[in-house]
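Asker: Fold the following for me, if possible:
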Amino acid sequence: MGERMNREETKKLLELISVYYPNFNPKDKSATLNAWAAMLPDVTYESMVTALKAFVRTSDSQFAPNIGQLLARLDNIQNGDIDDGE
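Answerer: All right, here's what the predicted structure looks like:
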């Protein structure tokens, strides 16, 4: 398993979300980064990218996922409830 997610990786994750969801454009990027970094210290960047990709492939929502949705998707993948698509 990889290293736990750091602030720079959280920033990269948020940038990736904005690529998949162009409407994802938080007004206060610094506050958004702080909030996400505070909630994701116990997961790896790679696992969150996997969860994001699974969300993108399986969701018909035009809105970006929130932290809880990605963590739930990650739990589903880790429990074998859904395929990670890799």
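Asker: name the element P65 belongs to?
Answerer: P65 belongs to no helix or strand when assigned by DSSP states H and E.
Asker: Skip the chain neighbours and tell me the closest residue to it.
Answerer: Among residues not flanking P65 along the chain, F55 sits closest, at 4.9 Å (C-beta to C-beta, 6 or more residues apart in numbering). Glycine gets a C-beta too; all of them are placed from N, C-alpha and C.
Asker: List the buried residues in whatever helix or strand the one you found lives in.
Answerer: Using DSSP H and E, F55 falls within helix 45-58. Applying a neighbour-count criterion of 16 or more other C-beta atoms under 10 Å, one finds Y45, S47, M48, T50, A51, L52, K53, A54, F55, V56 buried in helix 45-58.
Asker: Dump these into CSV; add distance to L70 as well.
Answerer: Shown next, in CSV, are the buried residues of helix 45-58 (distance: C-beta to C-beta, whole Å):
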residue, distance to L70
Y45, 12
S47, 10
M48, 6
T50, 10
A51, 5
L52, 6
K53, 10
A54, 9
F55, 6
V56, 11
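Asker: Among those residues, find me the one that's closest to Q69.
Answerer: Distance to Q69 across those (C-beta to C-beta) is lowest for F55, with 6.5 Å.
Asker: returning to what we had before: which residues does the next helix-or-strand element following the helix holding F55 contact?
Answerer: Counting by DSSP H and E, the next helix or strand C-terminal to helix 45-58 is helix 67-78. The contact list for helix 67-78, computed with C-beta atoms under 8 Å, 6 or more residues apart in numbering, reads 35-36, 39-40, 43, 47-48, 50-52, 54-55, 65, 81-84.
Asker: Apply 10 Å and report the result again.
Answerer: 13, 17, 35-36, 38-40, 42-44, 47-56, 58-59, 61, 63-66, 81-86 (C-beta atoms under 10 Å, 6 or more residues apart in numbering).
Asker: Next: stretch 33-43.
Answerer: Stretch 33-43 is contacted by residues 1-2, 4-11, 13-14, 17, 26, 28, 47-48, 51, 66-68, 70-71, 74 when judged by C-beta under 10 Å, 6+ apart.
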